[in-house]
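Chemist: have a look; sequence and predicted model below, questions after that.
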Amino acid sequence: MTEKAIEYLKKSGGDLVMRFRDHKAHVEGSLYEYFILRGIRVDELEPRFISCSFKVPPRLTDEDGRLHMGAIVSLVDEIGAAVIHQHGSPPMDVSVDMSISYISPANSNDELEIEGRLLGSCDSENGGLFGTSILIRNKVTGEVIAQGRHTLFRKSVPVSKM
């Protein structure tokens, strides 16, 4: 099995690298986004609010079978950006500040509810600052897994008048 993996990763010259095709930023998802977000379901979408369901996949767990803290950070990042994008702002993904309180663990195959809210924005023609709150709960028990605050900045892109 290891030999097949090495052969798959081998590049001429003996270096082991993984190759991925380039993607267009903000036009199509990256491998990273696919890895984190695969399996997430949008349950409710309103102005300034998004609610999603997510079954914790084994690929996002640590050695103890619990949702990895890095995966929680990624979910806060992605859901925070999604609630801003659905608010009508163009893609931006520039995090200014993020804080996360880890309250209780989630295990592999736990069903989670993730709610994102746009708390406020300071929008101008030159750009804007957007504040979001993300709450991750166990859908069955209601237990809070994590609470995140995420602030993002968007620089306005001039629109062509042609």
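Modeler: All right, it came through fine.

Chemist: show me what contacts Asp62?
Modeler: His68, Met69 (CB atoms under 8 Å, 6 or more residues apart in numbering). Every residue, glycine included, has its C-beta placed from N, CA and C.

Chemist: next one: Ile134
Modeler: 75-76, 79-80, 114-117, 146-150.

Chemist: same check, this time on Ile84
Modeler: Contacts of Ile84 by CB under 8 Å, 6+ apart are Met92, Leu118, Ser121, Phe130, Thr132, Leu152, Arg154.

Chemist: distance check, Glu143 against Asn107.
Modeler: Using CB to CB, to the nearest Å, Glu143 is found at 11 Å from Asn107.

Chemist: which one of the contacts of Ile134 is nearest Ser53?
Modeler: Ranked by distance to Ser53 (CB to CB), these are led by Ile114 at 7.6 Å.

Chemist: tell me the pLDDT at the closest residue to the closest one other than its chain neighbours?
Modeler: Sequence neighbours aside, Cys52 is the residue nearest to Ile114 in space, at 4.5 Å (criterion: CB to CB, 6 or more residues apart in numbering). Looking at Cys52, its pLDDT stands at 91.

Chemist: low-confidence ranges, the protein, go.
Modeler: Within the chain, the ranges that satisfy pLDDT under 70 run 1-34, 86-93, 123-127, 156-162.

Chemist: strands along that one, start to end?
Modeler: Ranges of strands in the chain, per DSSP state E, are 41-46, 49-55, 94-102, 111-124, 127-138, 144-155.

Chemist: may I see the buried residues of the second one?
Modeler: By that I understand strand 49-55. Buried residues in strand 49-55, counted by 16 or more other CB atoms under 10 Å: Ile50, Ser51, Cys52, Phe54.
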